[in-house]
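S.K.: what follows is a predicted protein model with its sequence.
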Amino acid sequence: MIDIPVFLQLAFLGAIIASISSGIMGSFVVIKRISSITGSISHSILGGIGVFEYLRHTYDIPWLDPMLGAVIAALISAFLIGYVHLNFKQKEDAVIAIIWSVGMAIGIIFLSFVPHKEATCTHFLFGDLFTTGKVDILILSILAFFIVVLTILFYRKFLIICFDEEAAYLQKIFVKTFYFLLLAMISISIVLLVKIIGIILIIALLTIPATIANFFTYRLPVMMIIAVILSMLFNTIGITFSYLLSWPPGATIAIVVAIFYIIALSIKKLMYRME
């Protein structure tokens, strides 16, 4: 019987739980075509992380967890981008770029004031899955549970908002409310993935499994299930190779995701030629 170290067991468990959220929300990101918004939110959270990390070390406030700062920064960014999207769509690209760059700049500045700043910055930028603890597993489970429940409760409203906002207005759906809720759920999913793959590589794990799933189905529920399964598969393979080869887990997972995307794209092209 293979004796798997506890830290590796927790890494696998954390990655599998986070795959549920990333697969579901990644499907919404793909069909809504908001990868750029997702990228902006994911990079802006470094600002919240940097501020909270600085305050925690400078003023000795243990409860100021950097991940709490990440959640706050993600929600603020999502609200700003969502507001511009709904009211000033022509300025959306500029706001996305500003939030992306300014969020990272604030984070880097504040992290530069923290002792051992290089390790701290690397930890958040590229992930540190092998330090996952039992508290992390609990937090991942709670947030994933709420994302699944909200998706089930408001699935039809999210669906019509993703495909046709004008039709949603005609059906008297509270488009702004549910669009902000959807962005908030995506933001939480992004924060969940920071521990696994890091800020820089988040976009790969959040969008590529759903994109691969979309190659083979146009039904959103089926797409979500496939994306979740693929996310679990990619994370498991990535963690295994990372442990065996002593590679950074986040980067290894990203490479695995890219390889499978190329394979899936080739299969899709082959199927298209055979039709």
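M.R.: That came through, no problem. Residues are numbered from 1 along each chain as shown.
S.K.: any weak-confidence spans in the stretch 151-275 of the chain?
M.R.: In the prediction, the stretch 151-275 of the chain carries residues with pLDDT under 70 at positions 275.
S.K.: how about a cut-off of 80?
M.R.: Counting by pLDDT under 80, the stretch 151-275 of the chain contains low-confidence ranges at 165-166, 168-170, 172, 195-196, 271-275.
S.K.: can you give me the helices in it?
M.R.: Residue ranges of the helices in the stretch 151-275 of the chain, as given by DSSP state H, counting those that start in this stretch, are 155-163, 165-170, 175-197, 202-216, 220-245, 249-274.
S.K.: what's the closest of those helices to residue 129?
M.R.: Checking those against residue 129 by CB to CB gives helix 249-274 as the closest, at 4.2 Å. All C-beta atoms are positioned from the backbone trio N, CA, C, and that covers glycine.
S.K.: re the thing from before, out of the helices of the stretch 151-275 of the chain, which comes closest to residue 48?
M.R.: For residue 48, the closest of those is helix 175-197, at 9.3 Å, according to CB to CB.
S.K.: how much does the closest one deviate in direction from helix 202-216?
M.R.: With axes from the mean of the first three to the mean of the last three CA atoms, to 10 degrees applied, the angle from helix 175-197 to helix 202-216 works out at 110 degrees.
S.K.: what's the closest of the helices of the stretch 151-275 of the chain to residue 41?
M.R.: Proximity of those to residue 41 was assessed by CB to CB; the nearest stretch is helix 175-197, lying at 5.5 Å.
S.K.: what's that closest one packed up against?
M.R.: Using 3 or more CB pairs under 8 Å, 6 or more residues apart in numbering; DSSP states H and E as the contact criterion, the secondary-structure elements in contact with helix 175-197 are helix 6-32, helix 35-59, helix 66-87, helix 134-153, helix 155-163, helix 165-170, helix 202-216, helix 249-274.
S.K.: dump those into JSON lines; add mean neighbour count and distance to residue 182 as well.
M.R.: As requested, the helices and strands packed on helix 175-197 are exported to JSON lines (neighbours: other CB atoms under 10 Å; distance: least, CB to CB, whole Å):
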{"stretch": "helix 6-32", "mean neighbour count": "23", "distance to residue 182": "6"}
{"stretch": "helix 35-59", "mean neighbour count": "23", "distance to residue 182": "11"}
{"stretch": "helix 66-87", "mean neighbour count": "20", "distance to residue 182": "9"}
{"stretch": "helix 134-153", "mean neighbour count": "15", "distance to residue 182": "9"}
{"stretch": "helix 155-163", "mean neighbour count": "17", "distance to residue 182": "6"}
{"stretch": "helix 165-170", "mean neighbour count": "14", "distance to residue 182": "11"}
{"stretch": "helix 202-216", "mean neighbour count": "23", "distance to residue 182": "14"}
{"stretch": "helix 249-274", "mean neighbour count": "16", "distance to residue 182": "23"}
